[in-house]
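S.K.: Make a model of this:
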Amino acid sequence: MALASRDCVVADSPWTDVFGALRGNFLIGMLFLALWTLEWHYTIRLVGALLVAWNGMRLARATLSRRHWMVAASAERFYVRLFRPIGPGWRKNIEADVMALDMAELAAIQIRTTDVFVHGPKPKIYQWLVLEPVHGVRPSIADWFEHQGPFPPEVRPSAADQFEDLGPGSPGVCPVPAANRFYRQWFTRCEGGTVAVPWHRYRPGLEKFLRQIALWLPNLTIRPEAHTELDLISFVSKREPERRRLLAQAKRMGFSNDCVHALYSYTGPTLYSHRSLKDANEYMSTVDVGANEGAEP
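M.R.: This next block holds a predicted model:
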């Protein structure tokens, strides 16, 4: 699906294909290891040229291309990219990966921020764009997400992800099998019929994007910021079952990875005697996100 930037307000992410770039660099590194004993100077020049060409091409695509757009708004519709199919056979996937909402169907846009205390006294700030369709449209949106496969993804971070800050719930990072057995990377989540977009490494910034939307669509309601606070450092220091109840609320909001880091960094012998990331992952995998749904942290 192609959208002309002159006709739309577009938010994109140049880093959505960063793992493809890393795989290419890994293969070039393997080529270097295979050839360096044959002819050192020739190998250095060849691998250097390949690295410059490969990374230059990826950087140009990330900077100049609109293929990675996440959210776009025109005068008639609001478009949200929901996922990207990945893995073998992804080109055979004919299901639409973009949700389009008419302006008559879209009731409001809301910005949501969350302060998460996980690594010390200074909080991390997470921003979400929340789209609230009119009441009659919400059930169909929830059905659409359910049809696409298991969502939201409740997966544990891989070993490669455990030391990287991937944002709330790691949207767009963890591959999840869909109903048609294809794997996809999710960029959005469904919350009671609304569509939430974690604004992680997107450009322009969320406030600037909303200002542009307001200029294009003056009749669309942009609600004031909704703010929450999660003190995960305090949560993990609680005794059972209070700790489990609080972490269930944080996990339900999409902060499972941050809970793992908090458990690993700040939990003492009240949870386990030998602290490790594996222990923290296993603990969070047993936390029930459906517990105490009506409670607030």
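
S.K.: buried sites along the strand or helix carrying residue 57?
M.R.: Taking DSSP states H and E as the definition, one finds residue 57 inside helix 40-64. By neighbour count on 16 or more other C-beta atoms under 10 Å, the buried set for helix 40-64 is 43, 47, 50, 58, 62. C-beta coordinates here come from the backbone N, C-alpha and C atoms, glycine included.

S.K.: which element follows that helix toward the C-terminus?
M.R.: According to DSSP H and E, the helix or strand after helix 40-64 is strand 69-73.

S.K.: Let's test this: mean pLDDT of that following strand, rounded?
M.R.: Strand 69-73 carries an average pLDDT of 86.

S.K.: partners of that strand, with directions?
M.R.: strand 9-12 (antiparallel), strand 77-81 (antiparallel) (DSSP bridges).

S.K.: looking at those strands, which one has the lowest mean pLDDT?
M.R.: strand 9-12 - the lowest mean pLDDT of the strands paired with strand 69-73, at a mean of 85.

S.K.: Show me how far it is from its chain's centre.
M.R.: 16 Å (C-alpha atoms, centre = their mean, to the nearest Å).

S.K.: just stretch 22-32 next, same as before
M.R.: 26 Å.

S.K.: just checking, what packs against the host helix or strand of residue 127?
M.R.: Per DSSP H and E: residue 127 is located in strand 124-133. The contact analysis (3 or more C-beta pairs under 8 Å, 6 or more residues apart in numbering; DSSP states H and E) places strand 124-133 against strand 106-117, strand 194-198, helix 206-216.

S.K.: Just read off the phi/psi values of residue 201.
M.R.: phi 60, psi 30 (degrees, to the nearest 10).

S.K.: whoops, I mixed them up, residue 136
M.R.: phi -70, psi -20.

S.K.: Also residue 120?
M.R.: phi 150, psi -170.

S.K.: what residues are up against the closest residue to it other than its chain neighbours?
M.R.: Nearest non-adjacent residue to residue 120, counting by C-beta to C-beta, 6 or more residues apart in numbering: residue 233, 7.9 Å away. By C-beta atoms under 8 Å, 6 or more residues apart in numbering, the contact set of residue 233 is 117-118, 120, 262, 266.

S.K.: Distance check, residue 233 against residue 212.
M.R.: In this view, residue 233 and residue 212 are 37 Å apart by C-beta to C-beta, to the nearest Å.

S.K.: Break the protein down into its domains, please.
M.R.: Domain ranges of the chain: 17-64, 70-230, per automatic domain parsing.

S.K.: Now distance to residue 279 too, for those domains, in JSON lines please.
M.R.: Shown next, in JSON lines, are these (distance: least, C-beta to C-beta, whole Å):
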{"stretch": "domain 17-64", "distance to residue 279": "27"}
{"stretch": "domain 70-230", "distance to residue 279": "12"}
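
S.K.: ranking those domains by burial, who's on top?
M.R.: Compared across the domains of the chain, domain 70-230 shows the largest average neighbour count, a mean of 17 (mean count of other C-beta atoms under 10 Å).
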